[in-house]
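Peer 1: Sequence and predicted structure are below.
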Amino acid sequence: MASIREHVPQSEEKVVFDRYHLMTHMVKAVDSVRKEEHRQLREEGRDLLTGTKYLWLYSRENLPESRREEFALLRKKRLRTARAWAIKESLRDLWTYQSPAWARKHFESWYGWAVRSRLRSVKALARMLRKYLENIMTFFKHRITNAVSEALNSKIQTIKKRACSFRNREHFKIAIYFHCGGLNLLPVTHKNV
């Protein structure tokens with residue numbers, strides 16, 4: 001960020017903190033709460049959270065149909081993990097707003113809930129997001145993510161692994177162009193006239 005601020009004019013208005021990475025941090029915070037609570041419950045002889053890790057990491061709409069009823073019952077048990085999950089789901093709603101003003105209002109409401117949650121990892125995340133709020137809000141101006149560049153980078157890393165590294169930069173560049181260039185490599189057929 002320091003380098004971007006130094007070299008990119010009006011960087012504060014241009015840098016967008018990507019939703020995917022922000023939600024990854026939020027999911028880690030939920031999992032941290034789950035681990036801590038699971039440990040405490042097991043010490044009390046209760047296996048309430050055993051085998052539920054991924055239920056808490058799913059988003060509302062991706063929850064497996066076969067486990068929805070079980071998950072609904074778990075959420076009603078006043079678990080700290082359930083509270084962390086609800087806070088996560090509320091944060092996801094931030095990116096559904098069309099108006100930056102309404103998005104900011106939602107964030108402020110979410111932030112208040114998160115810092116009063118008495119969940120250490122959630123509070124720490126909320127404070128981090130508050131620190132970078134202006135670059136989170138730039139999403140509503142530009143409406144972009146880095147998903148395409150992340151996918152391309154992933155493909156390039158796969159090319160690199162398959163080749164067991166490259167000794168020659170030019171060969172590496174050619175491999176990237178070949179695999180990522182979008183070339184149509186189907187054979188050309190000639191019709192007899």
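Peer 2: That came through fine.

Peer 1: Tell me the spacing between Lys76 and Glu70.
Peer 2: Lys76 sits at a distance of 11 Å from Glu70 (criterion: C-beta to C-beta, to the nearest Å). Placement of C-beta: from N, CA and C, glycine included.

Peer 1: Have a look at these two and say which one is more surrounded.
Peer 2: Legend: neighbour count by other C-beta atoms under 10 Å for Lys76 and Glu70, higher for Glu70 (14 against 9).

Peer 1: residues in contact with the helix or strand harbouring that one?
Peer 2: Using DSSP states H and E, Glu70 sits within helix 68-75. Contacts with helix 68-75, where a contact means C-beta atoms under 8 Å, 6 or more residues apart in numbering, come from 48-49, 52, 55, 63, 82, 85-86.

Peer 1: In it, which residues are buried?
Peer 2: For helix 68-75, burial by neighbour count (16 or more other C-beta atoms under 10 Å) applies to 71, 74-75.

Peer 1: Could you do stretch 121-141 as well?
Peer 2: In stretch 121-141, counting by 16+ other C-beta under 10 Å, buried: 121-122, 125-126, 129, 135-140.

Peer 1: what ranges of this structure fall below the confidence cut-off?
Peer 2: In the predicted model, the chain carries pLDDT under 70 at residues 190-193.

Peer 1: Which single one of the buried residues of stretch 121-141 is nearest to Pro100?
Peer 2: Phe140 (3.9 Å; C-beta to C-beta).

Peer 1: wait, doesn't the closest one sit right on Phe107?
Peer 2: No: under the criterion of C-beta atoms under 8 Å, Phe140 makes no contact with Phe107, lying 10.7 Å away.

Peer 1: What ranges does this protein have for its helices?
Peer 2: Along the chain, the stretches classed as helices by DSSP state H are 2-7, 19-43, 53-57, 68-75, 80-92, 100-115, 120-131, 133-137, 139-142, 147-162, 169-180.
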